[in-house]
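turn this into a model:
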Amino acid sequence: MSYHSEELFKFAYFPKYDEQIEYLAEYLAALEQWDFSDTRTKEYAILKNYLEHTFRRLKKEEKISYTRDNNFACFNTGLVTRNYEDIHAFFEKNKNPETTPFCFKAFKKESDQEIISHFSENLPDRANYFDEPELLIFNPKCEIIYDIDHIIENISRFPNRLRSADEATLRREIAGAIDETKKRVKTNYKLAVPQYYQDKIQLLLPLWLTPGSPNPDLALAVEKVRSSCKYSARTCLTLKMAYNNARLIVKPETDWLQP
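Numbering: from 1, shown residues only. Reported below is the predicted structural model:
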């Protein structure tokens with residue numbers, strides 16, 4: 001998942017974008033790690049990705065609020081302050097509309113006077129990613145059916161030692177790792193982390209491919225097969241990809257999937 005804000009930048013001009021992102025992350029929103037652990041300088045890549053895809057979802061759900069004269073707009077970021085108050089992105093009509101319709105003004109908490117005065121009657125709602133809460137929890141009674149042929153199409157995501165392995169070794173190790181993961185998640189269903197991908201809810205399961213490693217190498221994405229007690233597994237994601245996708249719904253509360 002890229003964090004380039006293509007749709008958001010088409011909607012609005014963002015003066016001092018990086019400074020605004022830093023303010024949101026460090027001073028306004030509840031504290032959270034918005035960069036991956038291997039990042040040397042703060043770029044807030046996870047937050048930028050989160051805002052772009054949240055905006056796309058809100059646009060699809062028609063949850064962006066406008067004033068009657070269309071001079072102002074705002075959307076609910078889905079983030080909260082340290083006091084659990086919703087945070088909105090606030091925009092003003094662009095004086096140069098041939099570039100973008102709006103100009104970003106500020107991230108504001110819901111009680112801010114400008115939000116109240118302009119949007120008291122139509123405060124924007126958060127993005128919604130699911131209508132079936134049961135899809136967010138792994139059912140240990142269900143079987144996981146996996147497609148190794150499809151999984152190894154993304155061999156570049158695998159550890160280096162497996163990228164150069166012969167096909168028989170590769171298949172054997174993947175099958176063994178998935179079988180171990182199936183046993184782990186059936187004894188601890190909380191290992192499964194929900195993600196939003198291609199308009200669907202999937203569950204992410206940790207996959208260990210490096211012997212003796214305390215941390216998983218990849219995340220196995222499984223999707224519930226409708227009208228059956230089965231999950232289909234057809235791809236693996238890097239942990240960075242998995243975290244970005246999972247963070248759209250909620251900050252993952254698990255030890256194995258961290259920034």
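
please enumerate the strands of the stretch 1-150 of the chain.
Assigned by DSSP state E, counting those that start in this stretch, the strands in the stretch 1-150 of the chain fall at 12-13, 65-66, 72-80, 86-93, 102-109, 143-146.

what angle do the third one and strand 102-109 make?
Right, strand 72-80. Angle, strand 72-80 to strand 102-109, by axes from the mean of the first three to the mean of the last three Cα atoms, to 10 degrees: 40 degrees.

counting by contacts, list what the helix or strand bottoming out on mean pLDDT in the chain packs against.
When the helices and strands of the chain are compared on mean pLDDT, DSSP states H and E, helix 160-163 comes out lowest with a mean of 92. Judged by 3 or more Cβ pairs under 8 Å, 6 or more residues apart in numbering; DSSP states H and E, helix 160-163 is in contact with helix 167-187. (Glycine included, C-beta is placed from N, CA and C.)

need the contact partners of the helix it packs on.
Contact partners of helix 167-187, identified using Cβ atoms under 8 Å, 6 or more residues apart in numbering, comprise 138, 140, 144, 146, 148, 151-152, 155, 162, 165, 191-192, 205-209, 220, 233.

and the least confident helix or strand of the chain, what's buried?
Neighbour-count burial for helix 160-163, counted by 16 or more other Cβ atoms under 10 Å, picks out residue 162.

tabulate the CA atom coordinates of that helix in CSV.
In CSV, the C-alpha atoms belonging to helix 160-163 read as follows (Å, rounded to 0.1, in the frame of the first residue of the first chain):
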residue,chain,number,x,y,z
ASN,A,160,16.2,-14.4,1.1
ARG,A,161,17.1,-18.0,1.8
LEU,A,162,13.7,-19.1,0.3
ARG,A,163,13.9,-17.0,-2.8
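
now it: how far from the chain's centre is it?
27 Å (Cα atoms, centre = their mean, to the nearest Å).

so which residues make contact with that helix?
155-156, 169-170, 173, 209-210.

noted, bye for now.
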